[in-house]
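S.K.: below are the sequence and a predicted model for it; my questions follow.
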Amino acid sequence: MPYQPRVAILVPAPDYYEKWQPAFARKAAALTAAGLIVEQRVWTDPGDLSGYDLILPLFAWGYQRDVAAWYTLLDRLEAEALPVANPVPVLRWNSDKAYLGELSGKGVAVVPTVEVSALDDASLATARDQLGAEEVVIKPAISGGADGTHRLTADDEIPTDARGQRRLVQPLMPGILTDGEFSLFFFAGKFSHAIVKRPASGDFRVQEQFGGRETGWEANDAAQALAAAALAAAPAPPVYARVDMVGDAAGKPHIMELELIEPSLFLHHAPDKGAAFGVAVARALVG
């Protein structure tokens, strides 16, 4: 019988509040179809990982809430020279949204962003002036699932959880309310599929837990080119990637973020239902 590689998918602890199992089943099915044996290991306490042919942090959900534990895990994976996809330098680079400034410096269209080391009324006013926007969105630089993300009009007070904290300040992009947020998916550098996520009425967040809904989307050439340019800036080619973007008032797409750690891949929207994802991971074993 031919050897079947073993891969470990890092998952949340059993008491984690979000339902991750259905998405896990879709990803595991794609990997199994590619000839891999899939096992789960809790990312906060994964134990001995040396026996695996590849480690995938695909469900390291909640890492933004325990940043110290996350970086400790990355340090360990690196120190033990364990095989990881995406590679540890990519995971580390993608953990902090300071990479948006790097993308902008390379000419990639990103949502305009001002980083503030300790948010207060004065620094928020300065950021608004720099952005030329009164209505803004503030978010932690290390975040996920819209944790700590707030929409502020000119009259809103800084939320307690953000005051005095490092925050990114961005204009509220008009496209999020009119057209939604677009996500493009790439496996081994090749475009697979795309979706559009729209917020519930009266909200600006597109995540399912806030009432957001997604549908399939035919990504145009401009969107695919923008996504490819953003991914080219990563420290190493990602095996899997999700690129989120949103339009400005004129409809021009701008990168919101790159999801290279634990993205929902919406494989049920992929024409091949995830076959390309499975193949990309299998090929990473010998890459």
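M.R.: Great, that's in hand.
S.K.: mind listing the strands for this structure?
M.R.: Taking DSSP state E as the test, the strands found in the chain are 6-11, 37-42, 54-56, 114-116, 136-139, 150-152, 167-171, 181-187, 190-198, 213-216, 240-247, 253-259.
S.K.: using JSON lines, please lay out those strands together with mean neighbour count and distance to residue 65.
M.R.: Bear in mind the C-beta positions are built from the backbone N, C-alpha and C, glycine included. Below are the strands of the chain laid out as JSON lines (neighbours: other Cβ atoms under 10 Å; distance: least, Cβ to Cβ, whole Å):
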{"stretch": "strand 6-11", "mean neighbour count": "22", "distance to residue 65": "15"}
{"stretch": "strand 37-42", "mean neighbour count": "16", "distance to residue 65": "15"}
{"stretch": "strand 54-56", "mean neighbour count": "22", "distance to residue 65": "20"}
{"stretch": "strand 114-116", "mean neighbour count": "18", "distance to residue 65": "20"}
{"stretch": "strand 136-139", "mean neighbour count": "22", "distance to residue 65": "14"}
{"stretch": "strand 150-152", "mean neighbour count": "17", "distance to residue 65": "17"}
{"stretch": "strand 167-171", "mean neighbour count": "24", "distance to residue 65": "16"}
{"stretch": "strand 181-187", "mean neighbour count": "25", "distance to residue 65": "22"}
{"stretch": "strand 190-198", "mean neighbour count": "20", "distance to residue 65": "22"}
{"stretch": "strand 213-216", "mean neighbour count": "13", "distance to residue 65": "24"}
{"stretch": "strand 240-247", "mean neighbour count": "24", "distance to residue 65": "20"}
{"stretch": "strand 253-259", "mean neighbour count": "22", "distance to residue 65": "17"}
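S.K.: just checking, residue 6 touches residue 40?
M.R.: No: taking contacts as Cβ atoms under 8 Å, residue 6 lies outside contact range of residue 40: 11.7 Å.
S.K.: could you give the bridge partners of the nearest residue to residue 84 once chain neighbours are set aside?
M.R.: Distances taken as Cβ to Cβ, 6 or more residues apart in numbering place residue 55 nearest to residue 84, at 4.8 Å, with adjacent residues excluded. Beta-bridge pairing for residue 55 (DSSP bridges): residue 8, residue 84.
S.K.: distance of residue 55 relative to residue 83?
M.R.: 6 Å (Cβ to Cβ, to the nearest Å).
S.K.: neighbours of the closest residue to residue 235 other than its chain neighbours, just the number please.
M.R.: Using Cβ to Cβ, 6+ apart and skipping residues adjacent in sequence, the residue nearest residue 235 is residue 89, 4.2 Å away. If you count neighbours by other Cβ atoms under 10 Å, residue 89 ends up with 14.
S.K.: so residue 190 makes contact with residue 276?
M.R.: Yes: taking contacts as Cβ under 8 Å, residue 190 lies within contact range of residue 276: 6.8 Å.
S.K.: mind listing what the nearest residue to residue 13 once chain neighbours are set aside touches?
M.R.: Nearest residue to residue 13, sequence neighbours excluded (Cβ to Cβ, 6+ apart): residue 42, at 5.4 Å. Applying Cβ atoms under 8 Å, 6 or more residues apart in numbering to residue 42 gives the contacts 10-14.
S.K.: just give me the closest of those residues to residue 267.
M.R.: Ranked by distance to residue 267 (Cβ to Cβ), the contacts of residue 42 are led by residue 11 at 16.7 Å.
S.K.: distance of that closest one from residue 60?
M.R.: For residue 11, the distance to residue 60 (Cβ to Cβ) stands at 8 Å.
S.K.: list the contacts of the residue nearest to residue 84.
M.R.: 7-8, 10, 41, 49, 77, 82-85.
S.K.: how far away from the center of its chain is the helix or strand of the chain with the lowest mean pLDDT?
M.R.: The weakest-scoring helix or strand in the chain, judged by mean pLDDT, DSSP states H and E, is strand 213-216 (a mean of 74). Here the centre of strand 213-216 is set off from its chain's centre by 17 Å, with Cα atoms, centre = their mean, to the nearest Å.
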